[in-house]
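> Sequence and predicted structure, then a few things I'm wondering about:
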Amino acid sequence: MSMSFSEKVIQKCIVAFLIILSVIALIPLLSVLSVSFSSRVPVELNQVTIWPKGFTLDSWKYVLDRPDLWRSFGVTAIATIVGTILSLLITALLAYPLTKKEFTIGKVVMLAAVITMVFKAPLIPYFLTMKNIGLYDNPLVLVIPHILTAYNLIIMRTFFLEFPSELEEAAVVEGAGYFRLLFKIVLPLSKAVLATLGLFYAVTIWNQFQHPLMFIQNPDWYPLQIKIRQFITSDNELQIVGNMSQLNYSARTLRAVTIVFAIVPILMIYPYLQKYFTKGAMLGSVKG
Amino acid sequence: MQATGRFYQHARKCWPLYLMALPGLVFLIVLRYIPLGGSIIAFQDYSLFKGIADSPWVGFKHFKILFDSPDFYRIFANTLILGFLKVVVIFPVPLILALMINEVRAVLLKKGIQTALYIPHFLSWVIIAGIAFDMFSLNGIFNTVRDWFGYAPNLIMQDERYFRWIYVFTSIWREAGWGTIIYLAAISAMDPQIYESATIDGASRMKQIRHITLPLLLPTALVLFLINLGSFLDLGFDQVFTLLTPMTYSVGDIIDTYVYRSGIQEARYSFATAVGLFQAIIGFVLVYVFNRISKKVTGGGLW
C-alpha cells in the first residue's frame, strides 16, 4: 500500500460516510418495524424511534386476525406464482423461434416487440381495450398484462442465441421436433436466465399497484398492495379500532404491521433476489 | 406451383415455431398495438355504448380544451419540474455512490453496504409511501427527533413546499443503490494494469479516480443519461400517486395522475386520451432526439 497519509484519511472518510448512509437507508425500515411492535402510549408520546417501546404483539395479533388481509395475501401469492410460470413460458415460446433463421417473420416480430418499448399506448385506450376483452374487475388482470416485456424477451433471446448449437443438432438427428428441442434440451439448460427473469416477473406482479387500482373493483380480488394502501389511507375499521384509547394499539401501529407484513416475503427471498437481479441488471446493461 | 410447394414444405417443417410464437404475438397485438390504434378516440367524442365506429368525430376539440385550461399548464409545469429534478439531482447519485463503494476494500463491509442500499429497490411504492407517511407523521421518527432539539412538529408530507423533495429523496432511497450496479460492473470490467502502471507512476488514489475511473465510466453514464432524458416525462405513476395528498396536488399533480383522474375516475375518455397522446408524442420526440444524439456522441443508441 503506497497511500499517503491524507489519502488514507480521505478513504476512511468515504468508508465512514458509506456506513452512515447504509444505516440511514435502513432507518425507515427499523422505524416502521419498531412501531409495529410498540404499545400505543409510547408511540403517541414520541418515544419510539428505531427500537420498540412497550414491546407488544397486540397490533400483530389484530392485523393477522383480519381475514381480508390474508385473502389479499393469497390473491397476490397465487397471481405471482401463476403469473411467473405463465410469463416464463410465453416469453420462452416467443424467444425461441426468434433465434431460428427458418422463422421467417422473426425480424418483423423483433421490431414489433422493440417498438413497444418506445411507443407506449396512452392509458385510456389501453384501459378500454382491456375492458373490451373482459379483463375489467377480473382477477386475470393481475396476471395477463405482465406476461411479456420486450426487455425480458430480448434477454431470453440473447441467452438462447449463445446456446451451443451442437446439442440441438444432435437431437434433431434423433428426430426431435422444435417443441422437444425447446422443452427437453434448451430450457433445462437455461436455469440461470429462467431464475433471473422469473424473479423480474415475480417482483413486478407482487408489487403491482396501477393495474389493480384501475381494474379491480371487487374487494374479494384486491391484491396485497391495494389492501395495504387501503389500510394506510381509508380503512374504516382501522380508524375506529385505533381510536379506542383503552386498546394497546393505534391506527398507526396497525398500519406499521401491515407494511412490515408486506415486506417480509420480499426479505425472505432477498438473497436470491440480490444474486439474480444483479445478473439481470448486467445482462440488460450489455444491451444498454 | 413451385413457390406454393416450397411454402408447404416450409409450413410442414416449421409450423411448430409459429405455433410457439402465437401466444406472445397475440399478447403484443391485443395489449400493445390495438390500444395504440385506439388512441384515435382522442379525435372523437367517444362513448362506451357507441364504440369507436359510431362515436362522432370532433377533430382537435379535446386538444383545444386541454390547451385552453389553466390546469393543464400547472400540471405540465409540475411534470417538467419533476422531470428536471430526476435528470439533474437524482441521476448523478448512483455514479457518485459507485465511485465511493469502489473505494471500500474490506469485502464483507462492501457487501453489507451494498445489501443495505439495494433493499429498498424491491419494495413497492405503496410500501415506500406508507413508510414515508409513517416516518413524517405527527409522532413519527422525523418529528420525534425534531422534538429532541426543541423544534415544533412539521408535517412535511402534507406541505406543498416539500413534495418535490419527498419525490427526490424517495427516488434516491429506492433506486440510487440499485443504480450503482451498472457502474460497479463497468469498473470491475476495467483493465487492472492501467491502475498498476498509474500507481507505479505515483498517481494518488484520488487522481486515479479523476483521471482513470471517471473517464472510463463516462460512456456508460452518457448512455444512461440520454435514456433518462428520453424518458423525461416518465415519472412513475405509482410513486407520485402514492405520495400525493390533496394538500400537495398543486405541486405534485402530473400528467400521469391527471390522466388517471380525468379518464378513469371521471370517465372523460376522449379528453384523457388527448392528454395521454400529447404526452406520448412529446415522449417519443424526446427519445428520438436523444437517441440520435447518443448515436452521434457514443456510437450506440437504444436502437
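Looks like it came in fine. Since this is a predicted model, take the numbers as computed values, not measurements.
> drop to CA atoms for contacts and neighbour counts, all remaining ones
Noted.
> which stretches of the stretch 101-250 of chain A form helices?
A:106-118, A:123-132, A:150-161, A:165-173, A:178-180, A:191-207, A:210-215, A:224-233, A:236-242 (DSSP state H, counting those that start in this stretch).
> who touches the longest one?
Residues from elsewhere that reach helix A:191-207 (CA atoms under 8 Å, 6 or more residues apart in numbering or on different chains): A:76-77, A:79-81, A:83-85, A:87-88, A:142-143, A:146-147, A:152, A:156, A:159, A:224-225, A:273, A:276-277, A:279-280, B:122-125.
> Same check on the fifth one?
Counting contacts by CA under 8 Å, 6+ apart, the residues outside helix A:178-180 that touch it are B:16-17.
> how about B:Gly140, what does it touch?
B:Gly140 touches A:46, A:49, B:134, counting by CA under 8 Å, 6+ apart.
> Using the three-state scheme, assign the second one.
Local secondary structure at A:Thr49 is given as coil here, using DSSP: H, G, I helix; E, B strand; the rest coil.
> Next to chain A, which bits of the stretch 51-200 of chain B? Give me the list.
Proximity of the stretch 51-200 of chain B to chain A (CA under 8 Å from any CA of the partner chain) is limited to residues B:100-101, B:103-104, B:113, B:115-119, B:122-127, B:130-132, B:134-135, B:139-141, B:144, B:173, B:181-182, B:185.
> let's go with 6 Å and repeat that
B:113, B:116, B:124, B:139, B:141, B:144 (CA under 6 Å from any CA of the partner chain).
> Quick one: name the residues of the stretch 201-303 of chain B near chain A.
So the stretch 201-303 of chain B meets chain A at B:273, B:276-277 (CA under 6 Å from any CA).
> So which of the residues you listed sit within strands?
With strands identified by DSSP state E, none of the entries of these belong to them.
> What subset of those residues is buried?
B:273, B:276-277 (16 or more other CA atoms under 10 Å in any protein chain shown).
> Low-confidence ranges, chain B, go.
B:1-3, B:298-303 (pLDDT under 70).
> for it, what's the longest helix?
helix B:269-298 (DSSP state H).
> helices or strands up against that helix?
Counting contacts by 3 or more CA pairs under 6 Å, 6 or more residues apart in numbering or on different chains; DSSP states H and E, helix B:269-298 packs against helix B:214-230.
> report the angle between the axes of the helix it packs on and helix A:106-118?
If you take axes from the mean of the first three to the mean of the last three CA atoms, to 10 degrees, helix B:214-230 sits at 80 degrees to helix A:106-118.
> Can you give me the buried ones in helix B:214-230?
In helix B:214-230, counting by 16+ other CA under 10 Å, buried: B:214, B:217, B:219-221, B:223-230.
> farthest pair in those?
In the buried residues of helix B:214-230, the most distant members under the criterion CA to CA are B:Leu214 and B:Gly230, with 23.3 Å between them.
> Highest mean neighbour count out of the helices of the stretch 101-250 of chain A?
By mean neighbour count, with neighbours taken as mean count of other CA atoms under 10 Å in any protein chain shown, helix A:224-233 ranks first of these at a mean of 22.
> what's it in contact with?
A:72-73, A:76, A:255 (CA atoms under 6 Å, 6 or more residues apart in numbering or on different chains).
> Which two among those residues are spaced furthest apart?
A:Thr76 and A:Arg255 (18.8 Å).
> If you count surrounding residues, which of those two has more?
A:Arg255 (28 against 24; other CA atoms under 10 Å in any protein chain shown).
> Provide the secondary structure category for the more buried one.
Per three-state DSSP, A:Arg255 ends up helix.
> how about it, what does it touch?
Counting by CA under 6 Å, 6+ apart, A:Arg255 has contacts A:Ile232.
> Tell me how far it lies from A:Ala262.
Distance from A:Arg255 to A:Ala262, counting by CA to CA, to the nearest Å: 11 Å.
> again with A:Asp65
Distance, A:Asp65 to A:Ala262, by CA to CA: 15 Å.
> How about B:Ala189?
37 Å.
> higher neighbour count, those two?
In this view B:Ala189 and A:Ala262 are compared by other CA under 10 Å, and A:Ala262 has more residues nearby, 20 against 9.
> which SSE is the more buried one in?
helix A:251-268 (DSSP states H and E).
> So which bits of that helix are buried?
A:251-263, A:266.
> Just the closest of those residues to chain B, please.
For these, the closest approach to chain B (CA to the nearest CA) belongs to A:Ile259, at 6.0 Å.
> Chain neighbours aside, what residue packs nearest to residue 168?
Since you didn't name a chain, this refers to chain A. Excluding its sequence neighbours, the residue lying closest to A:Glu168 (CA to CA, 6 or more residues apart in numbering or on different chains) is A:Leu181, at 6.5 Å.
> other chain: chain B
The shortest distance from B:Val168 to any non-neighbouring residue, by CA to CA, 6+ apart, is to B:Ile90 (6.5 Å).
> Tell me the spacing between the nearest residue to A:Leu98 once chain neighbours are set aside and A:Leu93.
Nearest residue to A:Leu98 in three dimensions, chain neighbours excluded: A:Gly106, at 5.1 Å (CA to CA, 6+ apart). A:Gly106 sits 13 Å away from A:Leu93, going by CA to CA.
> now do B:Val240
B:Val240 is 36 Å from A:Leu93, where distance means CA to CA.
> ditto for B:Val58
The spacing between B:Val58 and A:Leu93, counted by CA to CA, is 43 Å.
> neighbours around A:Ile133, how many?
10.
> Identify each buried residue in whichever helix or strand B:Arg74 is part of, please.
Element membership for B:Arg74 (DSSP H and E) is helix B:70-85. For helix B:70-85, burial by neighbour count (16+ other CA under 10 Å) applies to B:72, B:74-83, B:85.
> And for the residue in the stretch 201-303 of chain B positioned nearest to chain A, nearest residue in space, chain neighbours not counted?
Nearest residue of the stretch 201-303 of chain B to chain A, counting by CA to the nearest CA: B:Gly276, 4.9 Å away. Spatial nearest neighbour of B:Gly276, excluding adjacent residues (CA to CA, 6+ apart): A:Pro122 at 4.9 Å.
> Which pLDDT value belongs to that neighbour?
pLDDT for A:Pro122: 90.
> For B:Leu36, see how far away it is.
A:Pro122 is 7 Å from B:Leu36, by CA to CA.
> So which of those two has more stuff around it?
Ranked by neighbour count (other CA under 10 Å), A:Pro122 and B:Leu36 place A:Pro122 first, with 24 against 21.
> So which residues on the stretch 1-150 of chain A come close to chain B?
Checking the stretch 1-150 of chain A against chain B by CA under 6 Å from any CA, the hits are A:22, A:46, A:49, A:90, A:93-94, A:97, A:121-122, A:124-126.
> Repeat the analysis, applying 7 Å as the threshold.
A:11, A:14-15, A:18-19, A:22, A:25-26, A:28, A:31-32, A:43-44, A:46, A:49, A:90-91, A:93-94, A:97, A:103, A:116, A:118-119, A:121-126, A:129 (CA under 7 Å from any CA of the partner chain).
> A:Phe215 reaches A:Tyr136, doesn't it?
Yes - taking contacts as CA atoms under 7 Å, A:Phe215 lies within contact range of A:Tyr136: 5.1 Å.
> Find residues that contact each of these two.
Shared contacts of A:Phe215 and A:Tyr136, defined by CA atoms under 7 Å, 6 or more residues apart in numbering or on different chains, are absent.
> which secondary structure elements does the top helix by length along chain A contact?
Using DSSP H to define each element, chain A has its longest helix at helix A:5-36. In this structure, helix A:5-36 packs against helix A:251-268, helix B:107-118, with contacts taken as 3 or more CA pairs under 7 Å, 6 or more residues apart in numbering or on different chains; DSSP states H and E.
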